[in-house]
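Engineer: Curious how this folds, go ahead:
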Amino acid sequence: QGNVLYAQHCVLCHGAGAVSGGYAPDLRASTIPLYDDALLDVVSKGSRQMAGMPRFHDLSEGDLKALQHYIRREARR
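Structural biologist: Modelled structure (predicted):
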């Protein structure tokens, strides 16, 4: 489920496989996906909107957990 959500919401800016294409940070190197609260703050609450990160308030906690697992799996590759 995380890879599907990533493709729907993240890939355009953060690149395939969480490898940045230069527009947005490389999520494999980010500490944000390591912490539930940080991921919620950035993705759902929009704490990085001033930096260009959109807010995805429609994602559930389960969706965020699936995204977290996908990003962390890609970081280990």
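Engineer: in this protein, what spans have low per-residue confidence?
Structural biologist: Low-confidence regions of the chain, defined here as pLDDT under 70, do not occur.
Engineer: hmm, try it at 90
Structural biologist: By pLDDT under 90, the low-scoring segments of the chain are 18-23, 50, 77.
Engineer: So what's the residue count around residue 20?
Structural biologist: Using other Cβ atoms under 10 Å, the number of residues around residue 20 comes to 16. No exception for glycine: its C-beta is placed from N, CA and C like everyone else's.
Engineer: how about it, what does it touch?
Structural biologist: With contact taken as Cβ atoms under 8 Å, 6 or more residues apart in numbering, residue 20 is in contact with 14, 26, 27.
Engineer: isn't the last one right up against residue 18?
Structural biologist: Yes. Residue 27 sits in contact with residue 18 when judged by Cβ atoms under 8 Å, with a separation of 4.2 Å.
Engineer: Mutual contacts of the two, please.
Structural biologist: 10, 71, 74, 75.
Engineer: which residues touch the helix ranked longest in the chain?
Structural biologist: Longest helix in the chain, counting residues (DSSP state H): helix 61-75. Residues outside helix 61-75 that contact it (Cβ under 8 Å, 6+ apart) are 1-3, 5-6, 9-10, 17-19, 27-30, 33-34, 36, 39-40, 43-44, 59.
Engineer: Now the buried members of the shared contacts of residue 27 and residue 18.
Structural biologist: Neighbour counting with 16 or more other Cβ atoms under 10 Å marks 10, 71, 74, 75 as buried within the shared contacts of residue 27 and residue 18.
Engineer: Between those residues, which sits nearest residue 50?
Structural biologist: Within the set of these, residue 10 lies nearest residue 50; the separation is 18.7 Å, counting by Cβ to Cβ.
Engineer: In contact with residue 38, which residues?
Structural biologist: 31, 32.
Engineer: how close does it sit to residue 21?
Structural biologist: Counting by Cβ to Cβ, to the nearest Å, the separation of residue 38 from residue 21 is 23 Å.
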